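# My questions concern the predicted model and sequence given below.
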Amino acid sequence: SRPLSLLLSDSQRLCFGTNHRDQPKIRAALGASSTLSFSTAATDDDGEEPAFSLAKRNGVRNVAIVAHVDHGKTTLVDELLRYSEGTGGDRLMDCGDLEKERGITITSKVTRIDLPDGKIINVVDTPGHADFAGEVDRILGMVDGVCLIVDASEGPMAQTKYVLSRALKLGKQPICVLNKVDRPDAKTRLESGETESELLDLFDALEATDEQMDYMTLYASGREGWTVESIDQALEGDNSKGTVKSLMDAIWDRIPEPTVHVHDDGDEDLSSKSQPLETFQDDKFSMAATTVGFDQYLGRTCTGRIYSGSVGVGDAVRLLPRDGSEKQGREAQAMLSTTSGLFITKGIDRVEFAGGQRAVAGDIVTVTGVPDGMAVGDTITGRDDAVPQPILTPPLAPPTLSMDFGPNTGPLAGQEQRGTILTSSKVRERLIKETDNNVTISVVKSETDADKCTVFGRGELQLGILVEQMRRENFELLITPPRILTKKCPDTGKTLEPFEEVTIDVDKEYSGEVINGLTGTRKGILMEMTDNPADGKTRMVFEAPSRSLLGFASEIATATRGTAVVNHTFLEDREYAGLMFDEDEKGKLISTEQGKVSAYALASLIEKGTLFIEPGDMVYKGMVIGERNRPADMDVNPVRSKEVTNMRAAGKDDRVALPPPKKRNVEEYIGYMNDDEMIEVTPSSIRLRKAELDTTVREKLNRRLKKQRKAMLENKAGGKKKK
C-alpha cells in the first residue's frame, strides 16, 4: 500500500506532520490506503538501486523495550540503569506528570548506557497501551532488535501481539523476558510450560523467520531487580542478591550490531565484518528525526539515529523533507542551518558530548540548531555533501477515530480562572504543534465550523491525554463526540470500519456480564474463552467494531465491580456491522437554569437518577447534571432554593443528606457522551453539556431523532421478515 502523502497532490498533502488540509481529502485518501507513513520512502518502490551499501558498526547496540501495558518495561529499564550507571529510581523514565499520575508510559524515551571497554547500549522505553502504538512504530526504525517483556502470569496479551508483529515484519531480532516470575500464579504457569508455549505459538502465528524463532528467553523479577537464564533458578526463589547482568549480556550478545549506510566505500568491501567508528566518520552525513522539539537557547532540536557519516557542533546541514519535495527561494533557504549542540541522554538527563567529539553512524543522539521546519520522519544531511534521498522510515497504522476540538463558547467560558486561552487560533496552533512529535495524530480544519479543528487519532485514551495536557496548559475547550473512521472497499464498494481484538480478564462469576455487555447491540463476537482455576479468572477474546468499545471499559468495570481488565488492539477493516443503539438506554438530567446549585434542589433529584454535581457548583441551561434512571432526557432545576418564610415547622430545617456525585475524567466522558452532547473542559472543571443549549430547539431535534430511530427499527424488522 502507498503512503498518504503519495495519494494527495502537493497542495493537499498531509503526512502526520504540521500540515492541515480539508477533511474530505483525508477521508478519500483513507479509503484508498490502509497504511499511512511519515516518509514517502517507507513503502515506495520505484525499482531504483539504492545509492549506498550497507555495513555493520561495532561497539554499539540499539534496542527497544516493548511489551503490553503494565508488564514491567519501565521497571526493568530502571534496573538496567541502576546496574550500569549506579543511578535509577522508581519508574525513572516515566518523568511526565501524566505518566506519574496514571502509571503508564505515554511517550518513548531513549537512554544511553556506557559499559566498560567503550561499549554503548542505547535503550528505548516504549509505551504499552494500544492507543500509543504509534510511538512503538516510529521507534522500531532506529533500533536493530527488541527486548519483549511478557508477564509470566498473564502470558502474551493483545498489545504483545501487536508490538511483536511490527518488530518481526521489520526483521528485528527479539529477546524474550518473562517478568514477574516471583508471583505464585506465574510459577504455576512456568512449571506447566503454559506461558512459554503460548509465546512460541505467537511467534509461529506471526510467521517469524527461523532466525527470529531462535530467540533467547530470560526469567526476571523487575521489582526485585534480577534476571536469570535458567528456569530452575527462577523457580527456586532465592535471587534476592541477583542483578540484571544476564539481561545486559544477552542484549550485547544477541542484538545485532547497527547497520549503517556507506556512500563512499570505494573498492573496499565493508560488509564482510563489522567496522570501527573511524571507518564511517568521513562519509556523507544523514540522520532521521524520531523526536523533535525546541530549546530557547539552542533552537530547534531533533533526536534520532545517525545512518551515515558523522556530525559535530558547527556543522552546516540541510533538511530533506520526508515527502522528497524540492523547495525554492526563501523556502529552500529555511531548510539550511548550522548545528549548535550535540547531546546524549543518560537516564532523563541530557548530557553534552565531550568537546571536539563527533557522533558517528549507529549512534542515537540529540542535535540542536537544526532547520525550524524539521518534523518527525525528515532527514538532515550535510549542506555541501548531501545524501540523494531521505531515509526510509516504517509505515504507521491508520487512525481509527476523529473528534472536533474548539474553544469554549459556553456561558461560563473564562469565568472560573483568569488568563485562560479561549481563541480558536491558539487552539489550532497548539493542536498543530502536537503533530510535530505525535505522528499518529493529524489535524485538519473542521468541515462544519471554521472555529474548530478535526483531530484524527488511535483511541479515546490517546485523545483524552491530549485534552488533559491542553487543559493543564490553561486552554478552555469544547470537544464533540468521537466518530469512527470508515472507508469504501475499492472492490465491493461496501463500507468498511475498523475491528479490534479485545481480550478481557475477569472473575469467573462475572463472565456472563462481559459476554452480555460486548455482544448483542455492541456487535462483538466471542472467539475464545478459557478458565484459570489457579486464580479463578476467565479470559475471553472477542472481535468487535472499534466503535463498540467507546465507553465499554467504564461500563463493564461497574458491572463487574472493578474486576474486569480490558485490552484491545487493531485487527483489520471489515464490513460495516450496522447500527448500534439501545432502546433502553438511560436518559440524562439536564439543567433548565443557570446559577449555583443548592442542596435543597438536589434533594428532590436523588430518586430520579445519579448526580454529577454537588451543592455550590455552577450550572447553566443545557448542562448535563446527572444520569436519569429511566430512558429519555429530563429537564430539571438544580438551583431552586427553599421558600423563605417567617414561620418555622418541625423538621423543616433538617440537614439534607446527599450521596457523593459521580465524577468522570475526560476519557470516560468521551466514551459516555451521546451524539447530541459535548464535553466542556476548563483548567478547573470537566462538564458534559448538550450541543444545543436551548430547550425548545432541543425538543424539536429529539422528536425528529425518535422518528428516525423508529423508521430504522421498522426497516430492520421488515428486512428480517423478508429473510
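Right, received. Where do you want to start?

# Surely D378 and A289 touch.
Yes: counting by Cβ atoms under 8 Å, A289 is a contact partner of D378 at 5.2 Å. Every C-beta, even on glycine, is put in place using the N, C-alpha and C of the backbone.

# Next, the contact list for H568, please.
Each residue near H568 by Cβ atoms under 8 Å, 6 or more residues apart in numbering is listed here: 130, 158, 500-503, 549.

# ok so it is a helix residue?
No: assessed with DSSP: H, G, I helix; E, B strand; the rest coil, H568 is strand; it does not lie in a helix.

# Tell me how far it lies from S546.
For H568, the distance to S546 equals 8 Å [Cβ to Cβ, to the nearest Å].

# what is in contact with these two at once?
Listed contacts common to H568 and S546 are E500; contacts here mean Cβ under 8 Å, 6+ apart.

# State the helix or strand in which L412 lies.
For L412, there is no enclosing helix or strand under DSSP states H and E.

# Kindly list the main-chain dihedrals of it?
phi -100, psi 10 (degrees, to the nearest 10).

# and what of P661?
Dihedral angles (degrees, to the nearest 10) for P661: phi -70, psi 160.

# What are the neighbouring residues in contact with it?
Taking Cβ under 8 Å, 6+ apart, one finds 611-614 in contact with P661.

# 10 Å - rerun?
Applying Cβ atoms under 10 Å, 6 or more residues apart in numbering to P661 gives the contacts 597, 602, 610-615, 617, 625-626.

# give me the low-pLDDT residue ranges for the stretch 151-300 of the chain?
Residues of the stretch 151-300 of the chain that meet the criterion pLDDT under 70 lie in 237-241, 265-269, 271-272.

# which residue ranges form the strands in it?
Chain-ordered strands for the stretch 151-300 of the chain, with DSSP state E, counting those that start in this stretch as the definition, fall at 173-179, 216-221, 226-228, 259-262, 286-295, 299-308.

# Adjacent strands (with direction) for the last one?
In other words, strand 299-308. When pairing is defined by DSSP bridges, strand 299-308 lines up against strand 286-295 (antiparallel), strand 364-368 (antiparallel).

# picking up where we left off before, next, give me the two most distant ones among the contacts of P661.
T610 and P615 (16.0 Å; Cβ to Cβ).

# Do you know the pLDDT at the residue nearest to V666 when sequence neighbours are not counted?
Leaving aside its sequence neighbours, V666 sits nearest to G464 (Cβ to Cβ, 6 or more residues apart in numbering; 4.4 Å). What the model reports for G464 is a pLDDT of 90.

# Now do the contacts for G464.
Contacts of G464 were listed using Cβ under 10 Å, 6+ apart, and they are 131, 403, 457, 479, 665-671, 679.

# Show me these that map onto helices.
Judged by DSSP state H, helices contain the following of the contacts of G464: 666-671.

# Any idea how many residues pack against S192?
Residues near S192, counting by other Cβ atoms under 10 Å, number 11.

# how much space between it and G155?
11 Å.

# do the same with I251
Using Cβ to Cβ, I251 is found at 23 Å from G155.

# before we move on, what about D633?
Taking Cβ to Cβ, one finds D633 at 45 Å from G155.

# related to what we said a few turns ago, among the contacts of H568, who's most crowded?
Taking other Cβ under 10 Å as the neighbour criterion, V502 ranks highest of the contacts of H568 with 27 neighbours.

# From what I see, that residue and T519 are in contact.
No: with contacts counted by Cβ atoms under 10 Å, V502 stays clear of T519, the gap being 11.1 Å.

# Quick check: neighbours shared by those two?
Common contacts of V502 and T519 (Cβ under 10 Å, 6+ apart): 525-526, 542, 544, 548.

# re the thing from before, which residues are in contact with both of D378 and A289?
38, 302, 304, 319, 322, 370, 391, 393.

# what's the single longest helix in the chain?
Max-length helix for the chain by DSSP H is helix 695-722.

# Would you mind pulling up the elements that that one packs against?
On a contact count with 3 or more Cβ pairs under 10 Å, 6 or more residues apart in numbering; DSSP states H and E, helix 695-722 meets strand 586-591, strand 634-636, strand 686-690.

# Make a ChimeraX selection of whichever of the shared contacts of D378 and A289 turn out to be buried.
The ChimeraX command for the buried members of the shared contacts of D378 and A289 (criterion: 16 or more other Cβ atoms under 10 Å) is given here:
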select :38,302,304,319,322,370,391,393
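
# okay if I get the shared contacts of D378 and A289 as CSV plus distance to R350, pLDDT and secondary structure?
Output for the shared contacts of D378 and A289, formatted as CSV (distance: Cβ to Cβ, whole Å; pLDDT from 0 to 100; DSSP: H, G, I helix; E, B strand; the rest coil):
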residue, distance to R350, pLDDT, secondary structure
F38, 24, 40, coil
C302, 13, 91, strand
G304, 15, 91, strand
L319, 22, 91, strand
R322, 25, 81, coil
V370, 15, 91, coil
I391, 23, 87, coil
T393, 24, 75, coil
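
# show me where the stretch 51-200 of the chain has helices.
Ranges of helices in the stretch 51-200 of the chain, per DSSP state H, counting those that start in this stretch, are 73-85, 97-102, 133-139, 158-169, 184-192, 194-205.

# which parts of the second one are buried?
By that I understand helix 97-102. Neighbour count says helix 97-102 has 99, 102 buried, by 16+ other Cβ under 10 Å.

# per-residue confidence averaged over it?
76.

# One more: the longest one?
Averaging the model's pLDDT scores along helix 73-85 yields 82.

# That one packs against which elements?
strand 60-67, strand 109-114, strand 120-125, strand 145-151, strand 173-179, strand 216-221, strand 226-228, helix 245-254.

# Check the second one too.
Helix 97-102 sits against helix 460-472, with contacts defined as 3+ Cβ pairs under 10 Å, 6+ apart.

# gap between the helix it packs on and the chain center?
11 Å (Cα atoms, centre = their mean, to the nearest Å).

# by how many degrees do that helix and strand 686-690 diverge?
For helix 460-472 against strand 686-690, the angle by axes from the mean of the first three to the mean of the last three Cα atoms, to 10 degrees is 110 degrees.

# ok so, going back, among the contacts of P661, name the buried ones.
Neighbour-count burial (16+ other Cβ under 10 Å) is assigned, among those, to 597, 602, 611-613, 615, 617, 625-626.

# Mind checking which of those residues land in helices?
L602.

# on that earlier part again, and the longest helix of the chain, what's buried?
When neighbours are counted by 16+ other Cβ under 10 Å, the buried residues of helix 695-722 are found to be R698.

# so how far is it from its chain's centroid?
On Cα atoms, centre = their mean, the centre of helix 695-722 falls 36 Å from that of its chain.

# Distance check, V351 against E154.
37 Å.

# now swap in S197 and tell me
S197 sits 14 Å away from E154, going by Cβ to Cβ.

# any idea which of the contacts of P661 is the one closest to Q281?
Closest approach to Q281 among the contacts of P661 (Cβ to Cβ): F612, at 63.1 Å.

# Including pLDDT, could the contacts of P661 go into JSON lines?
Formatted as JSON lines, the contacts of P661 follow (pLDDT from 0 to 100):
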{"residue": "V597", "pLDDT": "93"}
{"residue": "L602", "pLDDT": "92"}
{"residue": "T610", "pLDDT": "92"}
{"residue": "L611", "pLDDT": "94"}
{"residue": "F612", "pLDDT": "94"}
{"residue": "I613", "pLDDT": "93"}
{"residue": "E614", "pLDDT": "92"}
{"residue": "P615", "pLDDT": "92"}
{"residue": "D617", "pLDDT": "93"}
{"residue": "I625", "pLDDT": "95"}
{"residue": "G626", "pLDDT": "94"}
